[in-house]
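A.B. asks: pasted the sequence and its predicted model underneath.
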Amino acid sequence: MKVHIIAPYESMIPIIKACVPLYPDLGIGYSIGDLEKGVELAKLEEENGADAIISRGGTAKLIKKSVNIPVIDMHLSGYDMIRSLTLASELKDKTAIVGFSNITSGAQSIIDLLDLPLQVYTVRESKDVAPLILTLKNEGYKQIVGDVITINTTISYGMKGFLIQSGKESIIRAINDAKEMITYLQYNSDINRMFERLLVKEVQNIVILNSDNQIVYEHLTDFDSNPLTDDQFRSMNGEVNVSKQLHTSFSHDGSSIEVDGFWHDGLYSSYGVYVLDASPMKRFDQKGVQIKVMGIEAGVNITVGLKGGIVRTSVDHGTAFDIAGKNIADEKSMLAAIQSAIELAPKQ
């Protein structure tokens, strides 16, 4: 397991170093970076194989939006808050607490409990910090207590800043949370890989698309590359999203590919699941029938040798769901398929 801690301020590093020997089974790395710099470091560590990232406050919030691995927000402990707020309340200058909700929610509870002479202000985005600090300065505040971005902004306006720091117990709790999360995800990954091995033994060709028509999983045994086009998958995905299941076929290199699909609504996302049957089917070009019946060329897929002597005919195109209801679909191939069924049925 690899965990990387991105400290928003330099004085956190010695505390992190003191925690590392407590976890001999973890590969714990660390670096310093606040907000956007922290995001850059997190992306790099993800590429280098980190299983989880630990950071704090606004930096952790930004990292969560930018990486695909778990991000643990290092919450301040009650001891961290009491120590910092008690010291801040002893200052003679008018003082306010400014920060993201992970800091201010706990601060307000302690201030109310201990009846400290401090005011709390919460920001949602880093861009909200500077205007708020300027407003507080104009209201007579001389000192601001908060996280790194708050303190840096406060100092830039000529005011005093008091940084709320994370203690050893907060870092240990975050590492424990990261270890527990990684263990859980690895367990589920192992289970998923086991079911995948069982699945691909039974289903040789499967493609899964998300609701944005992007392929998120593909296992093709009978094809060198995906035999269907983006437009064909987009059309099927649109239809199966409504009908919840479908069966269709497409022509490919002189044979027909049968496709069975169904729609899966997950907890957070929805997917179209498609099983491709690469079994070769005799494909008849029914040009003579179409010329005779329609006066033009149209392709028909014909399946023979089914149980009970059934003959299956189908149109030589996809579902055309994307043009449904627009009065532009061409019915000639459908009529040719019906005519073929009529002519072939008595012969079986």
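C.D. replies: Thanks, I have the structure now.
A.B. asks: which secondary structure element of this protein has the lowest mean pLDDT?
C.D. replies: Scoring the helices and strands of the chain by mean pLDDT, DSSP states H and E places helix 287-293 at the bottom, with a mean of 33.
A.B. asks: spell out the residue ranges of the helices in the stretch 151-300 of the chain.
C.D. replies: 168-202, 230-243, 287-293 (DSSP state H, counting those that start in this stretch).
A.B. asks: looking at those helices, which is buried most?
C.D. replies: Counting by mean count of other C-beta atoms under 10 Å, helix 230-243 has the highest mean neighbour count of those, with a mean of 18. (Each C-beta comes from the backbone N, C-alpha and C, glycine too.)
A.B. asks: got the CA positions of it in PDB?
C.D. replies: Taking C-alpha atoms only, helix 230-243 is exported to PDB below (Å, rounded to 0.1, in the frame of the first residue of the first chain):
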ATOM      1  CA  ASP A 230     -19.400   4.600 -32.300                       C
ATOM      2  CA  ASP A 231     -22.600   5.500 -34.100                       C
ATOM      3  CA  GLN A 232     -23.900   2.000 -33.700                       C
ATOM      4  CA  PHE A 233     -23.100   1.900 -30.000                       C
ATOM      5  CA  ARG A 234     -24.600   5.300 -29.500                       C
ATOM      6  CA  SER A 235     -27.800   4.200 -31.300                       C
ATOM      7  CA  MET A 236     -28.100   1.000 -29.200                       C
ATOM      8  CA  ASN A 237     -27.300   2.900 -26.000                       C
ATOM      9  CA  GLY A 238     -30.100   5.400 -26.700                       C
ATOM     10  CA  GLU A 239     -32.600   2.600 -27.400                       C
ATOM     11  CA  VAL A 240     -31.700   0.400 -24.400                       C
ATOM     12  CA  ASN A 241     -31.800   3.300 -22.100                       C
ATOM     13  CA  VAL A 242     -35.500   3.500 -22.800                       C
ATOM     14  CA  SER A 243     -36.400  -0.200 -23.500                       C
END
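A.B. asks: helices or strands up against it?
C.D. replies: Helix 230-243 sits against strand 205-210, strand 245-252, strand 255-265, strand 270-277, with contacts defined as 3 or more C-beta pairs under 8 Å, 6 or more residues apart in numbering; DSSP states H and E.
A.B. asks: and with 7 Å instead?
C.D. replies: Applying 3 or more C-beta pairs under 7 Å, 6 or more residues apart in numbering; DSSP states H and E, one finds that helix 230-243 contacts strand 245-252, strand 255-265, strand 270-277.
A.B. asks: tell me the angle of the first one relative to strand 255-265?
C.D. replies: In this case it means strand 245-252. Relative orientation of strand 245-252 and strand 255-265, computed by axes from the mean of the first three to the mean of the last three C-alpha atoms, to 10 degrees: 150 degrees.
A.B. asks: each with direction, which strands does strand 245-252 pair with?
C.D. replies: Strand 245-252 sits in its sheet next to strand 255-265 (antiparallel), going by DSSP bridges.
A.B. asks: what are the buried residues along the partner strand?
C.D. replies: Neighbour-count burial for strand 255-265, with 16 or more other C-beta atoms under 10 Å as criterion, is recorded at S255, S256, I257, E258, V259, G261, W263.
A.B. asks: can I get these in CSV with pLDDT?
C.D. replies: Formatted as CSV, the buried residues of strand 255-265 follow (pLDDT from 0 to 100):
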residue, pLDDT
S255, 74
S256, 80
I257, 87
E258, 88
V259, 91
G261, 91
W263, 92
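A.B. asks: the closest residue to F262 other than its chain neighbours: neighbour count?
C.D. replies: Leaving aside its chain neighbours, F262 sits nearest to Q245 (4.5 Å; criterion: C-beta to C-beta, 6 or more residues apart in numbering). Neighbours of Q245 under the rule other C-beta atoms under 10 Å: 11.
A.B. asks: now do the one 3 residues further on
C.D. replies: The criterion is other C-beta under 10 Å. On that basis, T248 has 21 neighbouring residues.
A.B. asks: just give the closest residue to K142, not the sequence neighbours.
C.D. replies: The spatial neighbour of K142 that comes closest, neighbours along the chain excluded (C-beta to C-beta, 6+ apart), is D93 at 3.5 Å.
A.B. asks: next: I144.
C.D. replies: Leaving aside its chain neighbours, I144 sits nearest to T154 (4.2 Å; criterion: C-beta to C-beta, 6+ apart).
A.B. asks: the residue nearest to K142: which element?
C.D. replies: For D93, there is no host helix or strand (DSSP states H and E).
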